[in-house]
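> got a structure for you, letters missing:
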Ligand code: G6P
């Protein structure tokens, strides 16, 4: 039933803009997050009647829902913890993320067994909870934009509940090509496509991912039908970044980073969540190869790697995090000297320190196996003080827009990545500055606010 009041614009995502921590004294502490969607949504203003539907992710979040505490404009769903764990860890992160990023080691995985079927039914339950909440909250004819692979079934489910709504979906990840997508059980791939095609319009970050989706539709669903498909390459938020990067806390961290690196040395910087697709291990291997190939860089360069923990509920992520640490230690043990630590690895998330590293980087290394966009590649050139050479994987979505002024690499080829690092380190300062200027212009072509408005306008047109 369409509500006569209700929200005019709704977004739905697994992770919402706020999270709650239950303190020992029983008090709830709210923390607001950032990101493209937060600033995108702020573009339509507080009076637009917008509602953000998200899932409770922690015990603190669930407690907040039960106590009726919440932020205006946000509705958090109290999805049972076990259902959420199966949907989020089991299906979204262990299956859909792996399929779209092509991460399986296929001789042994995936195995679609009874356990998978059980988790899949939780994924259906979780998607249904979102569809029902959106159906209950949306005003007649409202626009709904659903986010990401966690909620791929929502458009189809919502369509059956509310035919009056304009339904969009946006994918922040790549989409798998048909030869990889067909690895899923036939009924599951059909259900996923049917869910997505319940939308009026689907958004992707690049043409490459949009084309892969269309190819999957043609092969497994008889084409995309009436669903429109658009590309919106989310850009960096220049105003926010430049202001934030010049505050005192960033300045302080630049001073301590400079001490860690050592005066006069060059810095190859990477900043990532410790995510399997980010290829941090091969980045370290390429750096080690650089030190072998060009021993003249020893003592002269430091690899500053920030690898922030992510999805630590999954064993494969914990193992990967340990391997990053082990390899960094090994490089330091074999190449380090009393006056030089070749790899400076930090795993404690600190946004101010990330910005400090962006500002002083001589080279940024962004070498994912496969990545929807990769905003680090777009943020570094925006805040860089002296210009920064960008070594960029051709498998990152950002390569579609930044490829011309970056040094492109095949992320699996550590020898060519080592050569690219050398070329980046030796790039003449004037060329580096020129390229950085052009990179920053491309990187900020579609700021989050415009990115969101474009989707909304295209959906309601
Ligand atoms: C990355 C991806 C998004 C995804 C998010 C989920 O940022 O680009 O597509 O929604 O990860 O991260 P989380 O920490 O919530 O699992």
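Done, it's in. The shown structure was predicted, so the numbers you read here are calculated from the model rather than taken from an experiment.
> So what's the residue count around the nearest residue to residue 310 once chain neighbours are set aside?
Nearest residue to residue 310, sequence neighbours excluded (Cβ to Cβ, 6 or more residues apart in numbering): residue 273, at 3.9 Å. Any C-beta I mention is one placed from the backbone N, CA and C, and that applies to glycine too. Residues within reach of residue 273, counting by other Cβ atoms under 10 Å, total 16.
> residues touching residue 273, list them.
307-310 (Cβ atoms under 8 Å, 6 or more residues apart in numbering).
> now swap in residue 355 and tell me
By Cβ under 8 Å, 6+ apart, the neighbours of residue 355 are 241, 244-245, 250, 253, 383.
> hmm, 6 Å instead?
When contacts are counted by Cβ atoms under 6 Å, 6 or more residues apart in numbering, residue 355 is found next to 245, 250.
> That one and the ligand, how far apart?
To the ligand, residue 355 is 18 Å away according to Cβ to the nearest ligand atom, to the nearest Å.
> One more: residue 450?
Here the criterion is Cβ to the nearest ligand atom. By it, residue 450 lies 19 Å from the ligand.
> Now that residue: which helix or strand?
Residue 450 belongs to helix 448-460 when elements are defined using DSSP states H and E.
> repeat for residue 110
Counting by DSSP H and E, no helix or strand carries residue 110.
> Tell me who's in contact with residue 267.
Counting by Cβ under 6 Å, 6+ apart, residue 267 makes contact with 261, 302, 304, 361-362.
> Regarding it, what is its secondary structure?
Secondary structure, DSSP: H, G, I helix; E, B strand; the rest coil: residue 267 is strand.
> For it, give the beta-bridge partners.
On the basis of DSSP bridges, residue 267 is bridged to residue 302.
> In terms of pLDDT, where does it sit?
pLDDT, residue 267: 98.
> What of residue 449?
The score at residue 449 is 94. That number is its pLDDT.
> any low-confidence regions in the stretch 101-250 of the chain?
Low-confidence segments of the stretch 101-250 of the chain, defined by pLDDT under 70, are absent.
> Please enumerate the strands of it.
Ranges of strands in the stretch 101-250 of the chain, per DSSP state E, counting those that start in this stretch, are 138-147, 166-170, 201-204, 228-231.
> Now mean neighbour count too, for those strands, in CSV please.
Shown next, in CSV, are those (neighbours: other Cβ atoms under 10 Å):
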stretch, mean neighbour count
strand 138-147, 22
strand 166-170, 25
strand 201-204, 24
strand 228-231, 15
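> In CSV: those, plus distance to the ligand.
Listed next are those as CSV, based on distance: least, Cβ to the nearest ligand atom, whole Å:
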stretch, distance to the ligand
strand 138-147, 7
strand 166-170, 9
strand 201-204, 11
strand 228-231, 16
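> nearest to residue 288, of those?
In terms of Cβ to Cβ, the element of these nearest to residue 288 is strand 201-204, at 35.6 Å.
> For that closest one, which helices and strands make contact with it?
Here strand 201-204 touches strand 166-170, strand 228-231, going by 3 or more Cβ pairs under 6 Å, 6 or more residues apart in numbering; DSSP states H and E.
> Other residues contacting that strand?
Contacts of strand 201-204 (Cβ under 6 Å, 6+ apart): 168-171, 210, 228-232, 455, 459.
> what residues are up against residue 56?
Counting by Cβ under 6 Å, 6+ apart, residue 56 touches 62, 65, 76, 78.
> From these, which land in strands?
In this view, the contacts of residue 56 that belong to strands under DSSP state E are residue 76.
> In stretch 72-91, which residues are buried?
Using 16 or more other Cβ atoms under 10 Å as the test for burial, stretch 72-91 gives 75-77, 79, 83-84, 86-88, 90-91.
> ugh, wrong one, I meant stretch 232-239
232-238.
> Check stretch 278-296 too.
Buried residues in stretch 278-296, counted by 16+ other Cβ under 10 Å: 278-291, 294.
> ok, now stretch 349-359?
Applying 16+ other Cβ under 10 Å to stretch 349-359 flags 352-359 as buried.
> Run the chain-centre distance for that stretch.
Averaging C-alpha positions (Cα atoms, centre = their mean, to the nearest Å) puts stretch 349-359 17 Å from its chain's average.
> residues contacting the closest residue to the ligand within the stretch 51-200 of the chain?
Here the stretch 51-200 of the chain gets closest to the ligand at one residue, residue 172, 3.2 Å apart by Cβ to the nearest ligand atom. Contact analysis of residue 172 by Cβ under 6 Å, 6+ apart lists 148, 372.
> what do you get if the cut-off is 10 Å, keeping everything else the same?
Applying Cβ atoms under 10 Å, 6 or more residues apart in numbering to residue 172 gives the contacts 13, 35-37, 147-149, 203-205, 209, 234, 372-373, 397.
> are any of those residues buried, and which?
13, 36-37, 147-149, 203-205, 209, 234, 372-373, 397.
> Which ones among these lie within helices?
The members of the buried ones among the contacts of residue 172 that map onto helices under DSSP state H are 36-37, 209.
> Spell out which residues of the stretch 201-350 of the chain are next to the ligand.
310-311 (Cβ under 6 Å from any ligand atom).
> Next step: the contacts of residue 56 restricted to helices.
Going by DSSP H, the helices hold 62, 65 from the contacts of residue 56.
> Just give me the closest of the contacts of residue 56 to residue 388.
residue 76 (39.0 Å).
> Wait, the closest one touches residue 69, no?
Yes - the pair residue 76 and residue 69 qualifies as a contact (Cβ atoms under 10 Å) at a distance of 9.5 Å.
> what sits against residue 178?
By Cβ under 10 Å, 6+ apart, residue 178 lies in contact with 189, 212-220.
> now residue 85, nearest residue through space, not along the chain?
That would be residue 313: by Cβ to Cβ, 6+ apart, it lies 7.5 Å from residue 85.
> Now the residue of the stretch 301-450 of the chain found nearest the ligand. Nearest residue, chain neighbours left out?
Across the stretch 301-450 of the chain, the shortest distance to the ligand (Cβ to the nearest ligand atom) belongs to residue 372, at 5.0 Å. Closest residue to residue 372 apart from its sequence neighbours, by Cβ to Cβ, 6+ apart: residue 173 at 4.4 Å.
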